[in-house]
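> got a predicted structure plus its sequence, pasted below:
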Protein chains: 2
Amino acid sequence: MAGNAKAEGGIGEAWEKVKGMPKSIMEKVMNICVMTKEIAQDDPRKVIHSLKVGLSISLVSLFYFYQPLYENFGLSAMWAVMTVVVVFEFTVGATLGKGLNRTLATLTAGALGVGAHYLASLAGETAEPILIGFFVFLQAAIVSFIRFFPKMKARYDYGLLIFILTFSLISVSGFRDDEVLEMAHKRLSTIVIGGTACVMISIFVCPVWAGEELHYSIALNLDNLAHSLQEFINKHFKASEEGDSNKDNKSFMEGYKSVLNSKSSEDSLANFARWEPGHGKFKFRHPWDQYLKIGALSRQCAYRIEALINGHLNTPHIQGSSTASSEIVGTIEEACIEMSGESSKALKELGLSIKNMMSLPSSNNHISESKAASKRLKALLQSSLKEQDTDLLSLIPAATAASLLIDIVDCVQEIADSVNNLAALADFEEGDKSPKPPSSQSQALHCECAEPVPKIDSIV
Amino acid sequence: MAGNAKAEGGIGEAWEKVKGMPKSIMEKVMNICVMTKEIAQDDPRKVIHSLKVGLSISLVSLFYFYQPLYENFGLSAMWAVMTVVVVFEFTVGATLGKGLNRTLATLTAGALGVGAHYLASLAGETAEPILIGFFVFLQAAIVSFIRFFPKMKARYDYGLLIFILTFSLISVSGFRDDEVLEMAHKRLSTIVIGGTACVMISIFVCPVWAGEELHYSIALNLDNLAHSLQEFINKHFKASEEGDSNKDNKSFMEGYKSVLNSKSSEDSLANFARWEPGHGKFKFRHPWDQYLKIGALSRQCAYRIEALINGHLNTPHIQGSSTASSEIVGTIEEACIEMSGESSKALKELGLSIKNMMSLPSSNNHISESKAASKRLKALLQSSLKEQDTDLLSLIPAATAASLLIDIVDCVQEIADSVNNLAALADFEEGDKSPKPPSSQSQALHCECAEPVPKIDSIV
C-alpha cells in the first residue's frame, strides 16, 4: 500500500511537472510580452527605430527586385543591403559616423588594394600570391595595432575595421578576377548608396539626435541629484518632525545612482554627437566637451551624495539624541537642511537652465544662500559651543553630514561655473533676471516635491 | 622705412611658419612613434594580437590562392575573409562569443531565409517580390526591437545583427538566383571555416582570456584602493610628523580613480568570460558574477575614498590645530591612522588572495583590528572629551575623516565577505593560517610603501 502510494505520489509529481511545463512557458511568454510593452512605453522611439530599419532594408532590396537597377549592379547589390543592416544605429550621429567611416575606409582601402594588386601582378605569377599575402598581413597587423590608439578607437574604430576588410577583399579577389577596378568601384558605389539611404532615413524620419540625448541626460542627471539631496533631507531631518517616513520617495533618493556610472554612455553619446550636422538649437560645432565636463562634476557630486546617503549616517541617531548636546545637533541640522535645500534648488535650476538652454541667474542666488548657510554654521559652531557640555560622539553623524554637504556646496558651485561656461559657449538665451522673493522659493520647493519634473523624463 | 620693416617682418613671420610646418609634422610623427612605443611596452599582447590578426587573414586568403580550395567555394571564400576580420577580437571570450553568435545566427537565419524564399515563390511571380519584401521588413523590425532587450543586447547583439543580415541576403538574393540552398550552405560553411580559424588562433597562439583579465583587474582594483588609503594617511596625518610631503606618491593616491569608472569594462569582460572554456585555474562555469559583486563593492569603497581625499578635508587644518582641542584631534587622528592602515592592509591581502586564488585568513585579522580601532575611538570620544574645553570647528575635519573611515571599514568587511564567498565558490586553496605577530605587521607596512606590488601591474 505504502509503495503504491509512493508510486502514485511520484506519478502525481511528474504529472504536476508536465502540467507545470506549459505554465512556465506561458509565464515566460507573458514576461516577454510585459517587457516588450514596458520597453515600448518607456521609449516609443525604439519601436519607430525598428520600423525604420525594416523600411530601409526593404527599400534597398529594390536593387534586386527592380530589373534596371539590378542590371547595373548585379550581385554587388548585396553590399547595399549589408551596409544598411550594419550601419543603421539608434541615433543619427552613430549612423552618420558609421556610414562616413565605412565609405571613407572603403574608398582609401579600395584604392590601396587596387594598387597592391597591380604591384603584385608586376612581380610575376609565382611571386604574386606571396606578395599579396605579405601586403595583406602587413596592413592587417598595422591597422589592428592602430585600433588600440585611444583616440582612433573612440572615433574611427569601425572605419579601421572596414579598411582591413576592403583591402583584403580587393587585393585578394584581384588574384582570381582581373576586373579588380570594376569590383572596387561597384563595392564603393553600393556602399555609398546603402549608407546614404540609412543616413537619409535616419535624419528625416523621426530622427533621434545623439546630441539631444546627451543634452537632456546631463540635465536629467542634475535633476536626479537635486531630488536625491532633497529626499535625503526629507527623510533624515524632517521625517521625525512630520512623523512621516516618505517611503514612496525612495526612488527619488536613489536617482543619484544612475549618475554614478554615467561616464561611458556620456562619452559615447558625445562621440556620436560630433558627427551630427546642426539641428534645432544645436549648431554643428556645439561645445559637446563642455557637457562631458559637467557630467564629470555631476559624478563628483554623486559620489558625495552616495557617501551621505549610504554611509553609516543612515542610522537613527542622526535624528538627534537626547543628550545635553541635542541643541547643538539641532543647530547643525538646521544648517544642513538649508545647505542641502539651497544646493538642491540650485541643481534643479541648473538642470532646467541646460534643458531650456536659458541662463537662470536665480541658481546663483541659491548657491550664495547655501554658502552663507555653511559660513553661518562655522560661525555658530565657533561661538556658541565652547560653553556647553558636549557629547562629541552624538555630534559626529551630524558633523559628518554637514562636512559632506559643505563639499557638495563646493561641487554645486563648480557645476554652476561649468554650466555658465556652457551657456557662454552655446549662446544660451538670457532668462528671467529678477530673483524670486524668498517666500515663493519655499513654496516652489513644495511644488517640486509633489511634481517631480515630468518633462525631462518624458523627453529623454 | 617703417613700411619696409613691417613687410620684412611679415615675410619673416610667413617664413617662420613655413619653416615650422615640417617641424610640426615631425613633432606629430614623433608623438605617434612615442605613443606606439608606449602602447607596445605597456601591453606587448597588443602587438601580438595585431600579428595574430594578420596571420589569420593571410591564412584564410589561401582559399583564393590555392586552386583546389578555390574550386570548392569560389567567390564565397570572401565570407571567410570577412568573418575573420569582423570576428577576431582581443580576448578569447569576445572572439568565441562573436564567432558562435555569427555561426548560429547564420544557421537559423539561413534556414528561415530559404523557407521564406520557397513560401514566396509559391505565391506566383507578381506576389513574390511583395511577399519577400514584407518578410524582410517584418523580421528586420522585430529583430531590431529585440536588440533593445537588455539581456539580449549584452550577450546576443551581434548574433541578432547577423540574423537580419543573413535572412535579408538569402531571401532577397533568392529572387535572382534559384540556387538559394547552395548559397546558404556556402555562406554557412565559409563562415564556420573563418570563425573556426579565428577561434583556434585566438585560443592557441598566446591567448588573452577575458576571464583572466577580469580576475586580475578586480585584484588590481583592491590593491589600488589599498594604496590610495595608505597614501592618504601618509600625506595627511604623517607628513607633518615626518616633514616630508611625499609628492612622488601622488600617483598611488590617485589609484582609486581608475576604480570609479570600472563598471562598464568589468561588465563586458564578464560577458566575454562566460563564453570561454575552462583554462588554467578557471573552470568553465567560474563564478564570474561574484567578481562583478566584488567590483561593485570596490566602487562603493572608492566613492568613500574619493569623498575622503577630494573633499574639503584636503586642507591643512586636518593636521591638527593649535587650539585647546589639539589633543582630541590627536586622539582621533591616531584612530584614523590605525583604521585606514588596517583597512589598507586588509584590502591588499584580499587583492593578493584573489590574485593567487588562495584564502588568506590574515585579512580577517586586519579587519577585526580596524573594527577594534573604530570601537576604541567611539569609547575614547565618549569618556574623555566631556571634561575638556573643545573647539568643535577644528574637530570637524578629523571627525569627518573618522566617520568616512568607519564607513570604509564597513565596506572592506563587505568586500571581505564577498571574496570569501568567491573563495568558496571557486575553490580557492587554503593559505597560510598562522596570523603574523603584530610587530611584523608594522614592518610589513613600511615594505609595502617602498615596493608597490609590481607583480599585479605587470600581469594585467
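Great, that's in hand. Everything numeric here is computed off the predicted structure, so don't read it as measured data.

> just give the nearest non-adjacent residue to the residue in the stretch 101-250 of chain A that chain B sits nearest to, would you?
For the stretch 101-250 of chain A, the nearest residue to chain B under the criterion Cβ to the nearest Cβ is A:Ala141, separated by 3.6 Å. Yep, even glycine has a C-beta here, placed from its N, CA and C like the rest. Distances taken as Cβ to Cβ, 6 or more residues apart in numbering or on different chains place B:Gly54 nearest to A:Ala141, at 3.6 Å, with adjacent residues excluded.

> CA-only coordinates of the helix or strand containing that neighbour in PDB, if you can.
In this assignment (DSSP states H and E), B:Gly54 forms part of helix B:45-65. What follows is helix B:45-65, C-alpha atoms only, in PDB (Å, rounded to 0.1, in the frame of the first residue of the first chain):
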ATOM      1  CA  ARG B  45      50.000  41.400 -26.000                       C
ATOM      2  CA  LYS B  46      48.500  44.200 -28.200                       C
ATOM      3  CA  VAL B  47      51.400  43.800 -30.600                       C
ATOM      4  CA  ILE B  48      51.000  40.000 -30.600                       C
ATOM      5  CA  HIS B  49      47.200  40.400 -31.200                       C
ATOM      6  CA  SER B  50      47.900  42.600 -34.300                       C
ATOM      7  CA  LEU B  51      50.300  39.900 -35.700                       C
ATOM      8  CA  LYS B  52      47.700  37.200 -34.900                       C
ATOM      9  CA  VAL B  53      45.000  39.100 -36.900                       C
ATOM     10  CA  GLY B  54      47.500  39.500 -39.800                       C
ATOM     11  CA  LEU B  55      48.300  35.800 -39.600                       C
ATOM     12  CA  SER B  56      44.700  34.600 -39.600                       C
ATOM     13  CA  ILE B  57      43.600  36.800 -42.600                       C
ATOM     14  CA  SER B  58      46.600  35.600 -44.600                       C
ATOM     15  CA  LEU B  59      45.800  32.000 -43.700                       C
ATOM     16  CA  VAL B  60      42.200  32.400 -44.800                       C
ATOM     17  CA  SER B  61      43.300  34.100 -48.000                       C
ATOM     18  CA  LEU B  62      44.700  30.700 -49.000                       C
ATOM     19  CA  PHE B  63      41.100  29.900 -50.100                       C
ATOM     20  CA  TYR B  64      41.800  32.200 -53.000                       C
ATOM     21  CA  PHE B  65      45.400  31.300 -53.800                       C
END
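
> for it, name the packing helices and strands.
If you count contacts as 3 or more Cβ pairs under 8 Å, 6 or more residues apart in numbering or on different chains; DSSP states H and E, helix B:45-65 packs onto helix A:127-146, helix A:150-173, helix B:2-42, helix B:67-73, helix B:77-87, helix B:180-204.

> so which of these comes closest to B:Asp267?
In terms of Cβ to Cβ, the element of the helices and strands packed on helix B:45-65 nearest to B:Asp267 is helix A:150-173, at 18.0 Å.

> between the closest one and helix B:77-87, how big is the angle?
170 degrees (axes from the mean of the first three to the mean of the last three Cα atoms, to 10 degrees).

> output the helix or strand where A:Ile218 lies in PDB with nothing but the alpha carbons.
Assigned by DSSP H and E, A:Ile218 belongs to helix A:210-233. Extracted C-alpha coordinates of helix A:210-233, given in PDB (Å, rounded to 0.1, in the frame of the first residue of the first chain):
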ATOM      1  CA  ALA A 210      22.800  61.800 -30.000                       C
ATOM      2  CA  GLY A 211      23.500  65.400 -29.100                       C
ATOM      3  CA  GLU A 212      20.000  65.900 -27.900                       C
ATOM      4  CA  GLU A 213      20.200  62.700 -25.900                       C
ATOM      5  CA  LEU A 214      23.400  63.900 -24.300                       C
ATOM      6  CA  HIS A 215      21.900  67.400 -23.600                       C
ATOM      7  CA  TYR A 216      18.800  66.000 -21.900                       C
ATOM      8  CA  SER A 217      20.600  63.300 -20.000                       C
ATOM      9  CA  ILE A 218      23.100  65.800 -18.500                       C
ATOM     10  CA  ALA A 219      20.100  68.000 -17.500                       C
ATOM     11  CA  LEU A 220      18.300  64.900 -16.100                       C
ATOM     12  CA  ASN A 221      21.400  63.900 -14.100                       C
ATOM     13  CA  LEU A 222      21.500  67.300 -12.400                       C
ATOM     14  CA  ASP A 223      17.800  67.000 -11.600                       C
ATOM     15  CA  ASN A 224      18.300  63.500 -10.200                       C
ATOM     16  CA  LEU A 225      21.000  64.800  -7.900                       C
ATOM     17  CA  ALA A 226      18.700  67.600  -6.800                       C
ATOM     18  CA  HIS A 227      15.900  65.100  -5.900                       C
ATOM     19  CA  SER A 228      18.300  62.800  -4.100                       C
ATOM     20  CA  LEU A 229      19.500  65.600  -1.900                       C
ATOM     21  CA  GLN A 230      16.000  66.900  -1.200                       C
ATOM     22  CA  GLU A 231      14.800  63.400  -0.300                       C
ATOM     23  CA  PHE A 232      17.800  62.800   1.900                       C
ATOM     24  CA  ILE A 233      16.900  65.800   4.000                       C
END
